[in-house]
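1. what would the 3D arrangement of this be:
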Amino acid sequence: MQIDDLTPAERRVWHAFPRGATVDFRTGADDDPDAGADWGPERTLRASVVKALLVSGPEVDGEVPALRVSGARVTGPLDLTHAVIDHPVRLAHCHFTDAPDFYGAQLRRLSLRGSALPALDLGGVRIDGLLQLSECRMGGRIQMVGAQIAGALFLARARLTTQDSAKPALRLSQATIGEDLCAPGLTATGEIRLGGTTVGGSVDLTEARLDPPRGLAVDAQKITVDGDVVMKRARVRGWIGLRGARITGRLDLSYIDLARPGEAVLRAGNASIGQLWLRGGPPVDGRVGLRHAQMDVLFLEPEVVPGPVYLEGLVYTSLIPGEPAARRLPLLERDGDGYVPYAYEQLTAAYRRIGDDDAARRVQLAKQRRRRATLSWYGRVWGTVQDATVGYGFRPLRACGWLLSLVAVGSITFGLHHPRPLKPSEAPGFDPVFYTLDLLLPVISFGQESAFAPDGWYQKLSYVLVLAGWILASTVVAGVARIVNRQ
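-> So this is what the prediction gives:
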């Protein structure tokens, strides 16, 4: 391109390029790139001139060329498909009339910070340094499928919108980011797709505002993150998909405002997460799915998840904060899969690891009571008897209470109304206490039951005591067996 064909604005940029100098067309700090369509020729650059500079711009010995422009209006399509660009590119706070196309390009570093663009195609791009898209305003989607970014990706306070609700606002699937994906304060009115992406650092979506038109807010299935995924104080009006995700550090959903009434809001089945934090903020309005997920630490405040949950196969090592069993059990009772024995076993194990055996017994008792509702009528009857007598073996002192009560009833009754001896000449002296114990204890004999026979109503009482003794003995044996098997 001949320099005589350039406008004064383009000539300034052309001369600055070989030295890597910055050309700033802004008239003030409050320049708004969204209003860039009204900017005049004094700050307008043709996309063809920008392309010529990046592909074959002039160079000066001893200088490092770079394109550094702020506050320009770039007209026409900037097509750099499969281009190899050896110098840094910064087009900050610019207004683009057409969507730039960097598909398959190779760059050292790219910054479009604060710019307004109709859309952006970075599919298959390879960037040796960082990609800076903070504070950008996108009227269409950002396409970054298969991108390889050696450094970090910045989307802080960016605003992403899509005119087509069927297309995502950000498509970053199957990409590789060497360092962090840093997007605090991100606003998106379309889907964010991160499926299959690998992030060498952390993902920061703190205070993000996500309001997708079709329900899916973040699709991060099978994402791999070596650091943390942070969504503290985010506002999400859709569901977050983390099925099969691998997050080495913390998935921090503290103080999140997550709502999708009657629908799923978090799907993290088969995910492997170092720590999951769900605490503070308003209660989650929707279903939470953690089927077959694995995590070292589950930081879950019970009141944050008041709705249905799916916990089948969930494995965790530590459960915090420390809460009594009565506060944790309602969560298991809301499991959308119904009675899930494994969920009770996991909660029991968590209490035992911190030495709270009483809470562990309460969980096991709640498990047996929940299981009883799934049995046949005779199973429910027998379960009710075990619960009332010995608390399924977890309340053994109840059996002593029942036994003492029955001994007291029998002793008083038979003490006032002695049963007649079967053989008066051979009968031992009558003792109402040991006679009652003879009736109650099926395997112990004190010689009283075989020597005396009550009549009438007192005979029926003796039958009741014998039957009660067998029931107490059976339930105690069943409870002891359950404890031994558990240990």
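
2. burial measure for Ser445, as a count.
-> The number of residues packed near Ser445 is 12, by other C-beta atoms under 10 Å. Quick note: C-beta positions are derived from backbone N, CA and C, even for glycine.

3. Val407 touches Leu437, doesn't it?
-> Yes - using C-beta atoms under 8 Å, Val407 makes contact with Leu437 at a distance of 6.5 Å.

4. give me the pLDDT for Pro424.
-> Pro424 carries a pLDDT value of 77.

5. could you check how far it is from Phe452?
-> As for Pro424, its distance to Phe452 is 10 Å (criterion: C-beta to C-beta, to the nearest Å).

6. okay, those two: which has more neighbours?
-> Taking neighbours as other C-beta under 10 Å, Pro424 and Phe452 compare with Phe452 leading, 21 against 8.

7. please name the nearest non-neighbouring residue to the more buried one.
-> Leaving aside its sequence neighbours, Phe452 sits nearest to Pro419 (C-beta to C-beta, 6 or more residues apart in numbering; 4.2 Å).

8. enumerate every residue touching that neighbour.
-> Remark: with contacts taken as C-beta atoms under 8 Å, 6 or more residues apart in numbering, Pro419 is in contact with Phe430, Tyr435, Phe452, Ala453, Pro454, Asp455, Tyr458, Ser462.

9. which one of these is nearest to Glu312?
-> Within the contacts of Pro419, the smallest distance to Glu312 is 50.1 Å, found for Ser462 (C-beta to C-beta).

10. what helix or strand is the closest one on?
-> helix 457-486 (DSSP states H and E).

11. what mean pLDDT does that helix get?
-> pLDDT averaged over helix 457-486 gives 71.

12. Pro261 and Arg287 touch, don't they?
-> No - with contacts counted by C-beta under 8 Å, Pro261 stays clear of Arg287, the gap being 10.1 Å.

13. so between those two, which is more surrounded?
-> Here Pro261 and Arg287 are set side by side on neighbour count (other C-beta under 10 Å), and the busier one is Arg287, at 20 against 8.

14. pretty sure the more buried one sits in a strand.
-> Yes - membership of Arg287 in a strand is supported by DSSP: H, G, I helix; E, B strand; the rest coil.

15. need the pLDDT of it.
-> 94.

16. and the gap between it and Arg233?
-> When Arg287 is compared with Arg233 (using C-beta to C-beta), they lie 22 Å apart.

17. what of Leu416?
-> Summarising the geometry, the distance separating Leu416 from Arg233, computed by C-beta to C-beta, is 74 Å.

18. between those two, who's got more neighbours?
-> Set side by side, Leu416 and Arg233 show unequal neighbour counts under other C-beta under 10 Å, the larger going to Arg233 at 17 against 9.

19. pretty sure that one sits against Tyr255.
-> Yes - proximity of Arg233 to Tyr255 meets the contact threshold set by C-beta under 8 Å, at 4.7 Å.

20. Pro168 is in contact with Glu191, correct?
-> Yes - the pair Glu191 and Pro168 qualifies as a contact (C-beta under 8 Å) at a distance of 3.9 Å.

21. what do those two both touch?
-> Applying C-beta under 8 Å, 6+ apart, one finds that Glu191 and Pro168 are jointly contacted by Asp219.

22. low pLDDT regions in the stretch 151-300 of the chain?
-> Scanning the stretch 151-300 of the chain for pLDDT under 70 picks out nothing.

23. one more pass at 90, please.
-> Flagging of the stretch 151-300 of the chain using pLDDT under 90 yields the residue ranges 161-167, 213-215, 262, 281.

24. rewinding a little: tell me how far the residue nearest to Phe452 lies from Thr436.
-> As for Pro419, its distance to Thr436 is 11 Å (criterion: C-beta to C-beta).

25. next one: Arg113
-> For Arg113, the distance to Thr436 equals 89 Å [C-beta to C-beta].

26. and the two? which has more neighbours close in?
-> When neighbours are counted by other C-beta under 10 Å, Thr436 comes out ahead of the other of Arg113 and Thr436, with 27 against 18.

27. show me the contacts for Gln143.
-> Taking C-beta under 8 Å, 6+ apart as the definition of contact, the neighbours of Gln143 are Tyr103, Ala119, Leu120, Asp121, Leu122, Gly123, Arg171.

28. if you could redo that for Leu258, that was the one I meant.
-> If you count contacts by C-beta under 8 Å, 6+ apart, Leu258 has them with Ala234, Val236, Ile240, Val265, Leu266, Val284, Asp285, Gly286.

29. same thing with Phe434?
-> Residues counted as contacts of Phe434 (C-beta under 8 Å, 6+ apart) are Phe446, Gln448.

30. can you tell me the SS state at it?
-> Three-state assignment for Phe434 (three-state DSSP): helix.

31. what about it, distance to Leu298?
-> Between Phe434 and Leu298 the computed distance is 55 Å (C-beta to C-beta).

32. how about Thr7?
-> As judged by C-beta to C-beta, Thr7 and Leu298 stand 62 Å apart.

33. ok, which stretches of this structure are helices?
-> Assigned helices in the chain, in chain order: 8-16, 47-56, 325-333, 341-353, 357-372, 377-390, 397-416, 432-440, 457-486 (criterion: DSSP state H).

34. the ones you listed: which one's closest to Pro88?
-> Evaluated with C-beta to C-beta, these place helix 47-56 nearest to Pro88, the distance being 10.3 Å.

35. need the contact list for the residue nearest to Pro261 when sequence neighbours are not counted.
-> Once its chain neighbours are removed from consideration, Pro261 has its nearest residue in Asp285; the separation is 5.3 Å (C-beta to C-beta, 6+ apart). Contacts were defined as C-beta under 8 Å, 6+ apart; by that measure Asp285 touches Leu258, Ala259, Arg260, Pro261, Val265, Gly307.

36. adding distance to Leu131, write those out as TSV.
-> Formatted as TSV, the entries for these read as follows, by distance: C-beta to C-beta, whole Å:
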residue	distance to Leu131
Leu258	28
Ala259	31
Arg260	31
Pro261	37
Val265	30
Gly307	38
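
37. from those, which land in strands?
-> Assigned to strands by DSSP state E, the following of those qualify: Leu258, Ala259, Arg260, Pro261, Val265.

38. in CSV, list the residues you listed along with distance to Gln294.
-> Formatted as CSV, the entries for the ones in strands among the contacts of Asp285 read as follows, by distance: C-beta to C-beta, whole Å:
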residue, distance to Gln294
Leu258, 22
Ala259, 27
Arg260, 25
Pro261, 29
Val265, 21
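
39. which of these sit farthest apart?
-> Greatest spacing in the ones in strands among the contacts of Asp285, by C-beta to C-beta: Leu258 and Pro261 (11.1 Å).

40. now for those two: what residues contact both?
-> Shared contacts of Leu258 and Pro261, defined by C-beta under 8 Å, 6+ apart, comprise Asp285, Gly286.

41. so what sits against both of Arg233 and Tyr255?
-> Listed contacts common to Arg233 and Tyr255 are Gly281; contacts here mean C-beta under 8 Å, 6+ apart.

42. and the residue nearest to Thr197 when sequence neighbours are not counted, how many residues sit next to it?
-> Taking C-beta to C-beta, 6+ apart, and ignoring the residues beside it in sequence, Thr197 has Ala175 as its nearest neighbour in space, at 4.6 Å. When counting by other C-beta under 10 Å, one arrives at 25 neighbours for Ala175.

43. these two touch, right, Ala175 and Val145?
-> Yes - with contact defined as C-beta under 8 Å, Ala175 counts as touching Val145 (7.0 Å).

44. burial count for the closest residue to Gly249 other than its chain neighbours?
-> Sequence neighbours aside, Asp228 is the residue nearest to Gly249 in space, at 3.9 Å (criterion: C-beta to C-beta, 6+ apart). As a burial measure, Asp228 scores 20 neighbours (other C-beta under 10 Å).
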